[in-house]
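> With the sequence up front, the predicted model follows.
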Amino acid sequence: MKTIRKCAIAAACLLAAALPLDPAMAGEVNVNTADAETLAAELNGIGPVKAKAIIEYREQNGPFKSVEELLKVKGIGPKTLEKIRKDVLLDKASEPEKPTGPPPAPDADA
């Protein structure tokens, strides 16, 4: 019986160590690429409903260009934005760059 109790205590300790108890321990999240589950899990104050709203806004309007643009998402106000601001990433590195002008002329010396 003592062995079972020790195993249960050890399992509980491992589980507690794996879960962030402090919301401030949440990680940074790229709101332009993360799925709803990741947004809800990593951003303090964002649950499944707000995470889904972020995804829907992104699908309708394209990638977020600023953190403040999150204020346009239904359910996200100034207080929520301030809670998540430090954890929001907008990096678009995973997106291919779009050309901004005509292609360069061929080199005449080649």
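Here it is on my side, so go on. Residues are numbered from 1 along each chain as shown.

> Touching stretch 48-55 from outside, list them.
31, 35-37, 39-40, 43, 46, 70, 73-76, 80 (C-beta atoms under 8 Å, 6 or more residues apart in numbering). For the C-beta atoms, the positions are set from N, CA and C on the backbone; glycine is no exception.

> Take those residues and keep only those in helices.
Under the assignment DSSP state H, the contacts of stretch 48-55 contribute 36-37, 39-40, 80 to helices.

> Out of these, give me the one that has the most neighbours.
Within the ones in helices among the contacts of stretch 48-55, neighbour counts (other C-beta atoms under 10 Å) peak at residue 39, which reaches 23 neighbours.

> Excluding chain neighbours, what is closest to that one?
residue 51 (3.9 Å; C-beta to C-beta, 6 or more residues apart in numbering).

> What does that neighbour show for phi and psi?
Taking degrees, to the nearest 10, you get phi -60, psi -40 for the backbone angles of residue 51.

> So it versus residue 43, what's the distance?
With distances taken as C-beta to C-beta, to the nearest Å, residue 51 is found 8 Å from residue 43.

> Show me where the chain has its helices.
Using DSSP H, helices in the chain cover 2-18, 36-42, 48-61, 78-84.

> so what's residue 27 up against?
42, 87.

> let's go with 6 Å and repeat that
residue 42 (C-beta atoms under 6 Å, 6 or more residues apart in numbering).

> want to throw the contacts of stretch 48-55 into TSV with pLDDT and distance to residue 60?
What follows is these, written out as TSV (pLDDT from 0 to 100; distance: C-beta to C-beta, whole Å):
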residue	pLDDT	distance to residue 60
31	97	14
35	97	16
36	97	15
37	97	20
39	97	16
40	97	19
43	96	20
46	96	18
70	97	14
73	97	10
74	95	12
75	95	15
76	96	15
80	96	20
